[in-house]
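Enquirer: predicted coordinates and the sequence they were generated for:
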Amino acid sequence: MFAGRLLDVVMELLSSLRSMDPGTVDQEYNAVRSQTSVLKRDLGLTTEAGALKENIKKNRYKDILPYDQSRVVLSLLTTDSDDDYINASFIKGALADRRYIASQGPLSSTVIDFWRMIWQHDVKVIVMACREVEMGKKKCECYWSPVHQSAAFGPFTVYTQGETHPNEDLVVRALTVSYQQVTRSLVQYQFLSWPDHDVPYEAAGVLDLLERARNSQGTHTSPMLIHCSAGCGRTGVICALDYIRDLLVTKQLTGDFSIMKIVLELRRQRPSAVQTKDQYQFIFTAVAFMLEQALQAPSQPLYSNRAELTKRPTRTPASSTKRQSQLTDMSDTYAVVNKSKQPHPPQPGPAYATVATPRTNSGSRTVPASHHYDNDSGGAPIYSTVKPRIKASAPPIYDIAAPTNQRQGEGPLALSNNGEYQLLPAKRLSQTDDDYEDFSSSVTDMTNLCSPGGIGFNCRIQKPRGPRDPPAEWSRLER
């Protein structure tokens, strides 16, 4: 696949990525954040359309608005009340005939606009990097139908021809959409293992997703639609990796290749693209893995060996989704108190706690710096933790009610004088706090987060009156 100078460039890049100091990556990410503000000012980037009174409710998050200079303008009008606004941005690709639409996940009030955009630009492939509900919050409205059924979204009729699960991370749906007696086909790839504000546990699954999406795209010149919830963090990472993949496949990699430059170019077109430091670090990890695969099979198309991709996981400072499922001692339960705006330093706690800990080459575990967002303003701990006393006669009971993207710095435990753990109260977010998402300052209904499911706990618990007097709802399943 590579020869001469290009082979030397690829090997040099791979060596550089492998030896990259985490501190250097942190410095680069901080530079990305600071230069983003400079780019916005120097290029005169504005968000006036998204801030209009008639459009403000069409934005899932009040601080993620598309730039007027790169936003998708809807020209297909299906009713007299339609306008041209949708929270989505065009992003240029590495090749002239390839580009992306980076979009927020549609709201119930913007699903028709979402399909207007798909029809107008003849989208053939959709990459969905989120679930419909995460952490008990609606992250994306369902814009497709159940398998072998139809659903109407205004003048558009969507039919799901089939649904497959190539692996535990991915759902592939074959869709058809009809409008004014014309029917088109498209494919949706939903990646399930990517927690919000976090990164996947391994790079192989994401690279496999990119290969499948590109195979479906084929020679179509229509833009690939990529979305998560806000259309910036996870969406930005996918755009960056696919952009770099195209550079590699078309042999455009040069010695001055820079991930930082690519991310800055994305941010010039879509606000907050690649939103956290962990997401930025994940690009380095995935690109290194991408180059390894290309060098190991130079005569094969990039990523063609899916079996090899799956069996060679790349550990990253990533999500606790799969890591948590591998723990053998999960007898502790979690009470969700509030969504943090900025993780606190780690507190002494039980040994089982799942924190984002990348593995170094020596196999040791290191605790990375906390997440950084473009619009951090501080906040309170995310979870408070309760450690119930375990009866010697009862086997451990596993509680899976903990959210999947649990962060470092969760609510601490305090050891009382009698040797038992007590639940420390979590601070409540103030009304002036402003973060990536508008979160409620209290959690009164936990029905959407988890369900008892016969595991012996009812997640809709009230505030404990003390460690010796737990709520009546906290009952164990006696065997």
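Expert: Cool, the structure landed.

Enquirer: C-alpha only now, for contacts and for neighbours.
Expert: Will do.

Enquirer: longest strand of the protein?
Expert: Longest strand in the chain by number of residues (criterion: DSSP state E): strand 156-167.

Enquirer: next, the angle from the helix or strand following that one to strand 156-167.
Expert: Sequence-wise, the next helix or strand downstream of strand 156-167 (DSSP states H and E) is strand 170-179. On the basis of axes from the mean of the first three to the mean of the last three C-alpha atoms, to 10 degrees, strand 170-179 is oriented at 160 degrees to strand 156-167.

Enquirer: partner strands of the helix or strand just after strand 170-179 and their direction?
Expert: With elements assigned by DSSP H and E, the helix or strand that comes after strand 170-179 is strand 182-191. Applying DSSP bridges, strand 182-191 is found paired with strand 125-128 (parallel), strand 170-179 (antiparallel).

Enquirer: hang on, the earlier thing: which helices and strands does the longest strand of the chain pack with?
Expert: If contacts are counted by 3 or more C-alpha pairs under 8 Å, 6 or more residues apart in numbering; DSSP states H and E, strand 156-167 sits against strand 150-153, strand 170-179.

Enquirer: include mean pLDDT, mean neighbour count and distance to D198 when you put the strands paired with strand 182-191 into CSV, please.
Expert: Listed next are the strands paired with strand 182-191 as CSV, based on pLDDT from 0 to 100; neighbours: other C-alpha atoms under 10 Å; distance: least, C-alpha to C-alpha, whole Å:
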stretch, mean pLDDT, mean neighbour count, distance to D198
strand 125-128, 98, 24, 15
strand 170-179, 98, 19, 17
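
Enquirer: ok, which of those comes nearest D82?
Expert: strand 170-179 (16.0 Å; C-alpha to C-alpha).

Enquirer: any weak-confidence spans in the stretch 201-350 of the chain?
Expert: Applying pLDDT under 70 to the stretch 201-350 of the chain flags the ranges 297-350.

Enquirer: same thing but at 50, please
Expert: 303-350 (pLDDT under 50).

Enquirer: dump the helices and strands packed on strand 156-167 into TSV; add distance to R18 as well.
Expert: Shown next, in TSV, are the helices and strands packed on strand 156-167 (distance: least, C-alpha to C-alpha, whole Å):
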stretch	distance to R18
strand 150-153	48
strand 170-179	28
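
Enquirer: which of the three states applies to the closest residue to L74 other than its chain neighbours?
Expert: Nearest residue to L74, sequence neighbours excluded (C-alpha to C-alpha, 6 or more residues apart in numbering): D84, at 4.2 Å. Recorded secondary structure, D84: coil (DSSP: H, G, I helix; E, B strand; the rest coil).

Enquirer: quick check: D84 touching R71?
Expert: No: if you go by C-alpha atoms under 8 Å, D84 and R71 don't touch, sitting 10.1 Å apart.

Enquirer: please identify which of the two sits among more neighbours.
Expert: R71 (24 against 15; other C-alpha atoms under 10 Å).
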